[in-house]
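Peer 1: Here is a sequence with its predicted model. Questions after.
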Amino acid sequence: HRAVAFLLHAKKYRKKEMPKLAPDCPEFHFQVAKKHRGKRVGTQLIIHFLEQLPAGRHEKVCMQITACEASKPLEFYTSIKYKGDQIWKVYDRKETGMYTKKEKKKWDLGPVVENITLIADRRKLLLYFGSKA
């Protein structure tokens, strides 16, 4: 149900909520259910996605996160470093209309929910995760 709602919302509001000058890079979206969080499921999904990309074709990758009171703070991602270099950098951030007031209350999302687009160097990200790719 939420996946369909997301796709419909993304189709309708893409121009309003997505960066106007998005970088030329693959973008991935996934959500790890609460019961599976903290078990490296998200990490494995990121590694799998990055390893599927043709070598030498995509230097940068994008990730869009939903940031709100109930999610990991943006600083979780922007504090990730590889050999002292910040991996994820904020490319764009906008408040989203994806959730109604009722949904925000039901899921304890807080009053503001943002879509934040992050950009990273693919190779550094793979090295950070310990991938051999």
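Peer 2: All right, it came through fine.

Peer 1: can you count the residues close to Ile65?
Peer 2: The number of residues packed near Ile65 is 20, by other CB atoms under 10 Å. The C-beta positions use only the backbone N, C-alpha and C, and glycine is treated the same way.

Peer 1: so the nearest residue to Val112 once chain neighbours are set aside bridges to which residues?
Peer 2: Nearest in space to Val112, with sequence neighbours left out and distances taken as CB to CB, 6 or more residues apart in numbering, is Glu95 at 6.0 Å. Listed by DSSP bridges, the beta-bridge partners for Glu95 are Glu114.

Peer 1: Now do Glu95 against Val113, distance only.
Peer 2: Glu95 sits 7 Å away from Val113, taking CB to CB, to the nearest Å as the criterion.

Peer 1: can you tell me how far the residue of the chain most remote from its centre sits from Ser79?
Peer 2: In terms of distance from the mean C-alpha position of the chain, Lys102 ranks first, at 23.8 Å (CA atoms, centre = their mean). Distance from Lys102 to Ser79, counting by CB to CB: 33 Å.

Peer 1: And for Gln86?
Peer 2: Per CB to CB, Gln86 is found 8 Å from Ser79.

Peer 1: For Val113, which non-adjacent residue is closest in space?
Peer 2: Cys68 (4.3 Å).

Peer 1: oh sorry, the question was meant for Asp108
Peer 2: Spatial nearest neighbour of Asp108, excluding adjacent residues (CB to CB, 6+ apart): Ala70 at 5.0 Å.

Peer 1: Alright, that wraps it up for me.
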